[in-house]
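[1] Provide a 3D model corresponding to the input given below.
(one chain, ligands or ions: 2)
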Amino acid sequence: MRTACIVGGGVIGGGWAARFLLSGWNVRVFDPDPEAERKITAVLDRARRTLPMLYEVALPAEGTLTYHETLQEALEGAEWVTESVPERLDLKHRIYAEIQGIRPDITIGSSTSGFTPTELTQGAAVPARIIVTHPFNPVYLLPLVEVVGKEGGDAKIIEEAREVLSGIGMYPLYIRKEIAAHIADRFLEAVWREALWLINDGIATTEEIDNAIRYAFGIRWAQMGLFETYRLGGGEDGMRHFIAQFGPTMSFEWTKLMDVPELTEELIDTIADQSDAQSGHMTIDELAGKRDGNLVALIRALKQQGSAAGLLVQEHEAKLAPQDPVIAPEKLRTIERVIPCDWTDYNGHMNESRYGQLWSDAADTVMRMVGADAAYIEGGNSYFTVETTTRFLAEAHAGDRVEVRTTVIEGAGKKLHLFHEMLRGEEVCATCAQLLIHVSLETRRACEPQGDVATHAAALAKAHEGLPKPE
Ligand SMILES: NC(=O)C1=CN([C@@H]2O[C@H](COP(=O)(O)OP(=O)(O)OC[C@H]3O[C@@H](n4cnc5c(N)ncnc54)[C@H](O)[C@@H]3O)[C@@H](O)[C@H]2O)C=CC1
Ligand SMILES: C[N+](C)(C)CC(=O)CC(=O)[O-]
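    Ligands and ions are numbered 1, 2, ... in the order given. Next comes the predicted model:
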């Protein structure tokens, strides 16, 4: 198992620890704060609940999380270091000197929001091994990580970093030329400055600004970003028309950008009081839980569309998908997954419609096993479900890890008769008897299965003959 060392376990380091751990890495933490373990546990609890919800398959088995008294101990056996100490250059320099005194061979990815690699590597023993890997909060759900090394650095080190980061489900965005605050934080900084002005000048409150973002451009940016969105803003003539129309506005007073309002006590009080009035009815933990649920639902919706962050999850999921089971005289483990929050309803449990999805996915696994896969379907044959009977035996909830075990009752000829049991641990929460009929996709009528599919389906039913039959 691979091992990451996390130096600094606050908001961001905790998120990194969770991301690595839930991707099957061992994680060794060094953070002198006596409260670090408690804080990381809180982040980890949220991550454990939500990250698996993005996937239709189970994540790898968790690695082991350990806390260490010294940096030297935390580095033992590590192949990757993530540095997430406060945004202070002197502190980061001291940490790098200590790490490189012990492990000059290891790459250190810094979470720095704004320092360039040139600044980070001043005085370093091995500058090429210190690179920026800037993530976004919450690190365990948001995939972007900006990657940049010092100009003239080692391309192999950057390539290895990209491999590590994409392996934990992230999107490493390589920045070809270093610049303060990288790419995304330059936008965030511009928006933040503008927002401070709007409050300072009494134009809008914190809540009104948040509404301006979340009811329009925020949600638009999440799926198409800036340029594709504005291309559409140009109508049928696209970007050229957009620039022709809105180019001149750049000379208008539409933004203050570099003109920064002074953060006086009065302005800080105004912002903090408005923020309390807007969100103070929720604890930080409740607000973070709400954010995470929303992010899961948004990313899952984008996944359904094969877009943006949803597409990334799809691609990562394809690499995580388990091997289909083989024909054997045991129940088949056809599904292993977590119940996502968008599968639950007003009764606070998994909605009945989602059981249909689960049984359908389980049947897809059996179809692939017998050879009725994408190529077979492309060739004009498939199975249609003609009947399902579900029994709901125990409530299932968002975050529950479940599996489906399937018995093949009948497989010879046109009929594929399955019996699925959805289990949470050893508890059977629901069962489904499902009858599928082999069809020609040309005539849309029942027909005998072709070639290996006929033999495999029959062999599977035969192998399951000895298994207990459902009532
Ligand atoms: N908070 C945010 O939204 C984001 C922050 N970042 C960057 O991540 C880094 C960390 O920021 P946060 O997690 O927000 O800060 P934080 O204040 O939440 O956590 C910093 C942690 O570092 C620990 N620490 C302090 N000195 C240390 C040392 N000598 N050795 C090991 N640990 C030490 C602290 O005890 C604390 O737990 C910064 O460089 C920041 O710019 C990046 C993306 C977003
Ligand atoms: C405010 N910030 C500069 C620390 C923000 C980031 O670096 C990224 C984020 O998650 O917003």
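[2] quick one, what contacts the residue nearest to the spatial centre of the chain?
    Geometric centre of the chain, nearest residue: residue 141, 4.2 Å, by C-alpha atoms, centre = their mean. For residue 141, the contact set (C-beta atoms under 8 Å, 6 or more residues apart in numbering) comprises 47, 50, 51, 54, 292, 295, 296, 299. Using the backbone N, CA and C atoms, a C-beta is placed for each residue, glycine as well.
[3] For residue 176, state which of those residues is nearest.
    Set against residue 176, the nearest of the contacts of residue 141 by C-beta to C-beta is residue 299 (27.3 Å).
[4] Does that closest one touch residue 313 like I think?
    Yes - the pair residue 299 and residue 313 passes the contact test of C-beta atoms under 8 Å, sitting 6.1 Å apart.
[5] And for residue 409, the neighbour number?
    Neighbourhood size, residue 409 [other C-beta atoms under 10 Å]: 19.
[6] As CSV, the contacts of residue 141 with secondary structure would be great.
    CSV is the format used below for these (DSSP: H, G, I helix; E, B strand; the rest coil):
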residue, secondary structure
47, helix
50, helix
51, helix
54, helix
292, helix
295, helix
296, helix
299, helix
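[7] Break down the stretch 251-400 of the chain into its helices, ranges please.
    265-279, 284-305, 308-320, 352-370, 374-378 (DSSP state H, counting those that start in this stretch).
[8] actually the stretch 101-250 of the chain, not the one I typed
    Using DSSP H, counting those that start in this stretch, helices in the stretch 101-250 of the chain cover 117-120, 155-167, 184-200, 206-212, 218-224, 227-233, 238-246.
[9] so who does the residue lying closest to residue 379 once chain neighbours are set aside touch?
    Using C-beta to C-beta, 6 or more residues apart in numbering and skipping residues adjacent in sequence, the residue nearest residue 379 is residue 450, 7.9 Å away. Counting by C-beta under 8 Å, 6+ apart, residue 450 touches 376, 379, 381.
[10] Which one of these is nearest to ligand 2?
    Taking C-beta to the nearest ligand atom as the measure, ligand 2 lies nearest residue 376 of the contacts of residue 450, at 45.5 Å.
[11] Tell me how the chain divides into domains.
    The chain breaks down by automatic domain parsing into domains covering 3-174, 184-281, 323-463.
[12] Am I right that residue 96 is in a helix?
    Yes - judged by three-state DSSP, residue 96 forms part of a helix.
[13] Could you double-check that it lies in contact with residue 108?
    Yes - between residue 96 and residue 108 there is a contact at 6.2 Å, judged by C-beta under 8 Å.
[14] so where is the stretch 351-471 of the chain shaky, pLDDT-wise?
    The stretch 351-471 of the chain contains no residues with pLDDT under 70.
[15] Could you rerun that using 90?
    For the stretch 351-471 of the chain, applying pLDDT under 90 flags the ranges 469-471.
[16] now swap in the stretch 101-250 of the chain and tell me
    Short version for the stretch 101-250 of the chain, where the test is pLDDT under 90: 152, 247-250.
[17] For residue 125, which non-adjacent residue is closest in space?
    Per C-beta to C-beta, 6+ apart, closest to residue 125 is residue 100, 4.4 Å.
[18] so which residue of the protein comes closest to ligand 2?
    Counting by C-beta to the nearest ligand atom, the chain gets nearest ligand 2 through residue 113, at 3.4 Å.
[19] between residue 299 and residue 313, what contacts are shared?
    In contact with both residue 299 and residue 313: residue 54, using C-beta under 8 Å, 6+ apart.
[20] of these two, who's got more company?
    Shown here are residue 299 and residue 313; by other C-beta under 10 Å, residue 299 has more neighbours (23 against 19).
[21] Name the stretch among the helices of the stretch 251-400 of the chain that sits most buried.
    helix 352-370 (a mean of 19; mean count of other C-beta atoms under 10 Å).
[22] Return the set of buried residues in stretch 134-151.
    Using 16 or more other C-beta atoms under 10 Å as the test for burial, stretch 134-151 gives 134-136, 138-150.
[23] so which of the residues you listed comes closest to residue 444?
    Nearest to residue 444 among the buried residues of stretch 134-151, with distances taken as C-beta to C-beta, is residue 143, at 40.8 Å.
[24] Could you measure from that closest one over to residue 299?
    From residue 143 across to residue 299, the span is 9 Å (C-beta to C-beta, to the nearest Å).
[25] Next, show the common contact partners of the two.
    309, 313.
[26] Could you check the pLDDT of the nearest residue to residue 404 once chain neighbours are set aside?
    The spatially closest residue to residue 404, leaving aside those adjacent along the chain, is residue 335, at 3.8 Å (C-beta to C-beta, 6+ apart). For residue 335, the pLDDT comes out at 97.
[27] ok, now residue 255?
    81.
[28] count of neighbours near it?
    A count of nearby residues for residue 255, using other C-beta under 10 Å, gives 14.
[29] Could you measure from it over to residue 217?
    14 Å.
[30] how distant is the top strand by length along the chain from the center of its chain?
    Criterion DSSP state E: the longest strand present in the chain is strand 427-440. The chain centroid and the centroid of strand 427-440 are separated by 30 Å under C-alpha atoms, centre = their mean, to the nearest Å.
[31] CA atoms of that strand as PDB?
    Taking Å, rounded to 0.1, in the frame of the first residue of the first chain, the C-alpha atoms of strand 427-440 are listed here in PDB:
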ATOM      1  CA  GLU A 427     -28.700  -7.600   7.300                       C
ATOM      2  CA  VAL A 428     -30.900  -8.200   4.300                       C
ATOM      3  CA  CYS A 429     -32.600  -4.800   3.600                       C
ATOM      4  CA  ALA A 430     -34.500  -5.700   0.400                       C
ATOM      5  CA  THR A 431     -34.900  -8.500  -2.100                       C
ATOM      6  CA  CYS A 432     -36.000  -8.600  -5.700                       C
ATOM      7  CA  ALA A 433     -37.100 -11.400  -8.000                       C
ATOM      8  CA  GLN A 434     -36.300 -10.200 -11.500                       C
ATOM      9  CA  LEU A 435     -37.300 -12.000 -14.700                       C
ATOM     10  CA  LEU A 436     -35.400 -11.000 -17.900                       C
ATOM     11  CA  ILE A 437     -36.200 -12.300 -21.400                       C
ATOM     12  CA  HIS A 438     -33.700 -12.500 -24.100                       C
ATOM     13  CA  VAL A 439     -34.700 -10.400 -27.100                       C
ATOM     14  CA  SER A 440     -33.700  -9.400 -30.600                       C
END
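[32] residues from this structure in reach of ligand 1?
    7-13, 30-33, 36, 84-87, 95, 111-113, 134-135, 137 (C-beta under 6 Å from any ligand atom).
[33] and the residue of the chain nearest ligand 1?
    residue 10 (1.8 Å).
[34] can I assume that residue is in contact with residue 39?
    Yes - between residue 10 and residue 39 there is a contact under C-beta under 8 Å: 6.8 Å.
[35] Could you pull up the contacting residues of the closest residue to residue 207 other than its chain neighbours?
    Leaving out its chain neighbours, the residue that sits closest to residue 207 by C-beta to C-beta, 6+ apart is residue 278, at 4.2 Å. Residues near residue 278 by C-beta under 8 Å, 6+ apart: 205, 206, 207, 210.
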